[in-house]
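A.B. asks: this is the structure alone, sequence omitted:
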């Protein structure tokens with residue numbers, strides 16, 4: 001008697017990241033060779049939440065065998081969030097059942113991971129769910145030193161862009177504020193800034209007390225511009241994590257109530273241009289001090305998400321996809337895939353949740369790590385040593401027309 005082959009579904013949620021297609025390819029090939037059919041579900045949870053089953057298609061080895069070289073997502077993606085209502089989860093489960101899917105591999109960041117967790121809970125044994133962690137933000141709760149896939153490619157492409165901005169800045173004697181993606185954590189900004197040797201990199205993690213006054217952040221940047229001028233340079237590139245906008249005091253920004261939020265309740269950061277906010281404040285203050293300076297804000301984000309993956313991410317994601325497929329073939333469920341010390345190590349969904357928030361844990365930059373301390377040493381920042389050195393203090397103060405005492409009072413709270 002012939003038994004029907006089990007069906008594995010694959011879907012992608014959240015923003016794009018280099019390597020998605022490599023995961024799709026690896027999962028498909030391993031599952032088919034392991035005796036399962038594979039169904040690619042289009043646009044994440046979007047159509048499933050509406051009960052739609054027409055936006056899914058069978059995948060074959062021949063079809064996916066070479067997509068791993070390409071950026072983007074072969075199955076599309078969306079930020080549709082089924083966790084807002086239990087009915088949405090039930091509709092998704094019903095749609096998957098009608099498609100014959102009994103095993104599901106989700107590919108995404110912390111929001112998709114949380115959706116996968118809640119879906120598996122709601123299924124109560126009817127559906128195996130395995131998650132593959134993806135985000136260029138590198139902020140999923142993996143062990144220290146293990147990147148999320150797509151991060152290395154995004155950093156690689158970002159470094160090339162910022163490197164060109166550095167040459168342009170030096171050639172034209174101007175400043176660039178390069179804003180990178182990173183909603184909560186500053187991994188991508190720091191990774192790009194450190195690798196390229198940017199003049200300064202600023203990330204949310206260096207401000208533990210929240211909210212942060214806009215004036216304080218502006219003064220950090222002003223201190224760098226002044227110290228650079230004192231050294232005879234009228235140019236530079238500052239890398240900023242976009243998540244800085246979320247820690248600033250909204251009263252300093254005229255409130256953020258008007259800004260639209262996505263399906264997971266996050267501010268649509270593209271609608272609040274932190275680079276332009278800071279550019280205007282810097283320009284205004286430098287002009288008031290008699291130091292007119294050309295400052296340009298440049299968002300470095302969407303250029304990175306769909307880049308073709310570098311070999312690191314191709315190999316990494318093929319491994320992750322294979323391990324995810326093997327886990328579901330072996331009957332595993334409720335786990336996120338990781339490779340630690342060269343070995344496949346599933347992380348149970350139960351360990352992904354932050355008890356304080358009830359959401360998936362977010363990995364922040366460890367500002368006490370040696371890696372971060374080294375990054376700070378290579379930045380041009382006003383330091384306490386500068387403010388206590390009478391010669392340096394006097395020169396910097398003279399540049400902006402302040403007395404040494406006035407200058408020290410202004411920047412004492414931002415100096416390292």
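C.D. replies: Arrived safely, thanks for sending. Everything numeric here is computed off the predicted structure, so don't read it as measured data. Numbers count the residues shown, from 1 in each chain.
A.B. asks: could you chop the protein up by domain?
C.D. replies: With domains defined by automatic domain parsing, the chain comprises 7-149+309-351, 157-305.
A.B. asks: deepest-packed of those domains, please.
C.D. replies: Among the domains of the chain, ranked by average contacts under mean count of other Cβ atoms under 10 Å, first place goes to domain 7-149+309-351 (a mean of 21). Quick note: C-beta positions are derived from backbone N, CA and C, even for glycine.
A.B. asks: so which other helices or strands are in contact with the longest helix seen in the chain?
C.D. replies: Longest helix in the chain, counting residues (DSSP state H): helix 151-172. Secondary structure elements in contact with helix 151-172, counted by 3 or more Cβ pairs under 8 Å, 6 or more residues apart in numbering; DSSP states H and E, are strand 175-180, helix 187-196, strand 236-241, strand 295-300, helix 302-305, helix 311-329.
A.B. asks: swap in 6 Å and give it another go.
C.D. replies: Applying 3 or more Cβ pairs under 6 Å, 6 or more residues apart in numbering; DSSP states H and E, one finds that helix 151-172 contacts strand 175-180, helix 187-196, strand 236-241, helix 302-305, helix 311-329.
A.B. asks: circling back: so which of the domains of the chain is nearest residue 413?
C.D. replies: Residue 413 lies closest to domain 157-305 among the domains of the chain, at 6.6 Å (Cβ to Cβ).
A.B. asks: and the closest one, end to end?
C.D. replies: One end of domain 157-305 to the other measures 10 Å (Cα to Cα, to the nearest Å).
A.B. asks: and stretch 351-367, by the same measure?
C.D. replies: With Cα to Cα as the measure, stretch 351-367 spans 23 Å from end to end.
A.B. asks: list the buried residues of it.
C.D. replies: Across stretch 351-367, burial judged by 16 or more other Cβ atoms under 10 Å covers 352, 353, 359, 360, 361, 362, 363, 365, 367.
A.B. asks: and the domains of the chain: which comes nearest residue 396?
C.D. replies: Closest approach to residue 396 among these is made by domain 157-305 (5.2 Å; Cβ to Cβ).
A.B. asks: pLDDT (mean, whole number) over the closest one?
C.D. replies: For domain 157-305, mean pLDDT is 91.
A.B. asks: please apply the same query to stretch 19-29.
C.D. replies: Here the average pLDDT along stretch 19-29 is 98.
A.B. asks: before we move on, back to that, need the helices and strands packed on helix 151-172 in a markdown table (columns: distance to residue 144).
C.D. replies: Below are these laid out as a markdown table (distance: least, Cβ to Cβ, whole Å):
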| stretch | distance to residue 144 |
| --- | --- |
| strand 175-180 | 21 |
| helix 187-196 | 11 |
| strand 236-241 | 19 |
| helix 302-305 | 23 |
| helix 311-329 | 17 |
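A.B. asks: of the ones you listed, which approaches residue 100 most closely?
C.D. replies: Using Cβ to Cβ, the nearest of the helices and strands packed on helix 151-172 to residue 100 is helix 311-329, at 14.6 Å.
A.B. asks: which strands and helices sit next to the closest one?
C.D. replies: Under the contact criterion of 3+ Cβ pairs under 6 Å, 6+ apart, helix 311-329 touches helix 20-33, strand 128-133, helix 151-172.
A.B. asks: could you check the angle strand 128-133 makes with that helix?
C.D. replies: Relative orientation of helix 311-329 versus strand 128-133 (axes from the mean of the first three to the mean of the last three Cα atoms, to 10 degrees): 170 degrees.
A.B. asks: between helix 311-329 and helix 151-172, how many degrees?
C.D. replies: Angle of helix 311-329 versus helix 151-172, following the same axes, to 10 degrees, is 160 degrees.
A.B. asks: can you list contacts of helix 311-329?
C.D. replies: For helix 311-329, the surrounding residues in contact (Cβ atoms under 6 Å, 6 or more residues apart in numbering) are 18-19, 22-23, 26-27, 30-31, 34, 68, 103, 105, 128, 130, 132, 149, 152-153, 337, 339, 344.
A.B. asks: tilt between it and helix 20-33?
C.D. replies: Here the directions of helix 311-329 and helix 20-33 differ by 40 degrees (the same axes, to 10 degrees).
A.B. asks: sorry, back to before: for residue 374, which of the domains of the chain is the nearest?
C.D. replies: domain 157-305 (7.8 Å).
A.B. asks: and that closest one, how far out from the chain's middle?
C.D. replies: Distance of domain 157-305 from the chain centroid (Cα atoms, centre = their mean, to the nearest Å) equals 16 Å.
A.B. asks: for stretch 6-14, same thing?
C.D. replies: With Cα atoms, centre = their mean, you get 22 Å for stretch 6-14.
A.B. asks: name the element the residue nearest the centre of the chain belongs to?
C.D. replies: In the chain, the centroid-proximal residue (Cα atoms, centre = their mean) is residue 137; its distance is 1.8 Å. In this structure, residue 137 sits in neither a helix nor a strand according to DSSP states H and E.
A.B. asks: quick check: angle from the longest strand anywhere in the chain to helix 20-33?
C.D. replies: Counting by DSSP state E, the longest strand found in the chain is strand 101-108. Interaxial angle of strand 101-108 relative to helix 20-33 (the same axes, to 10 degrees): 160 degrees.
A.B. asks: and strand 101-108, what does it pack onto?
C.D. replies: Counting by 3+ Cβ pairs under 6 Å, 6+ apart, strand 101-108 packs on strand 7-12, helix 20-33, strand 128-133.
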